[in-house]
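Student: The following block contains a protein sequence and its predicted model.
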Amino acid sequence: MKAISYIKKNSMLLLAGAAILSFSSFKAVEKYLQTSYYWFEYDATGTTLLNQTAEPVLSPENPFGCDTGDQKCAKAYTSYNMVSSSDYRPGTEALELGQPIIVHKDSN
């Protein structure tokens, strides 16, 4: 009987704890399921992709720190090609809803 009365008195606390645990587990799964890409940076004019001198690293976010705007800044790829030990070029472009993934920056 003591156990039942204890559960009745603390039921809201138990429900809140269960809710917190379940919501936090969804955030962990969401972060784990983010798609990572190889990112290549555009030149200052936003018209030409630059080859990289170091091996690109998989990342779910653009590592070049672009702000949103009109000028192209970076483009995502699912692969890259190593031409030499210091020349890495874009491979297969990544698509989202059939469109290339391009991050833009302000042209100001």
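Tutor: Structure's in. What do you need? Numbers count the residues shown, from 1 in each chain.
Student: I'd like to know which helix or strand in this protein has the lowest mean pLDDT.
Tutor: Here the helix or strand of the chain ranked lowest by mean pLDDT, DSSP states H and E is helix 11-32, holding a mean of 64.
Student: quick one: residue 76 and residue 93 touch, right?
Tutor: Yes: if you go by Cβ atoms under 8 Å, residue 76 and residue 93 touch, sitting 7.3 Å apart. Placement of C-beta: from N, CA and C, glycine included.
Student: more neighbours, the two?
Tutor: Just comparing residue 76 and residue 93: by other Cβ atoms under 10 Å the higher neighbour count belongs to residue 76, 23 against 16.
Student: tell me the contacts of the residue nearest to residue 48 when sequence neighbours are not counted?
Tutor: Spatial nearest neighbour of residue 48, chain neighbours left out: residue 42 (6.6 Å); criterion: Cβ to Cβ, 6 or more residues apart in numbering. Applying Cβ atoms under 8 Å, 6 or more residues apart in numbering, we find residue 42 in contact with 48, 49, 50, 71, 72, 73, 74, 75.
Student: do the same with residue 91
Tutor: 38, 77, 78, 79, 80, 81.
Student: And the pLDDT for it?
Tutor: Note on residue 91: pLDDT of 92.
Student: before we move on, the earlier item: is the residue nearest to residue 48 in a bridge, and if so with what?
Tutor: residue 49 (DSSP bridges).
Student: if I look at the residue positioned nearest the centre of the chain, how far off is residue 101?
Tutor: With distances taken as Cα atoms, centre = their mean, residue 60 lies nearest the centre of the chain, 2.5 Å away. According to Cβ to Cβ, to the nearest Å, residue 60 and residue 101 sit 11 Å apart.
Student: intersection of neighbour lists for the two?
Tutor: In contact with both residue 60 and residue 101: residue 37, using Cβ under 8 Å, 6+ apart.
Student: Name the next helix or strand downstream of whichever strand in the chain runs longest, please.
Tutor: Using DSSP state E, we find that the single longest strand of the chain is strand 71-77. Proceeding N to C from strand 71-77, the next assigned helix or strand is strand 80-84, under DSSP states H and E.
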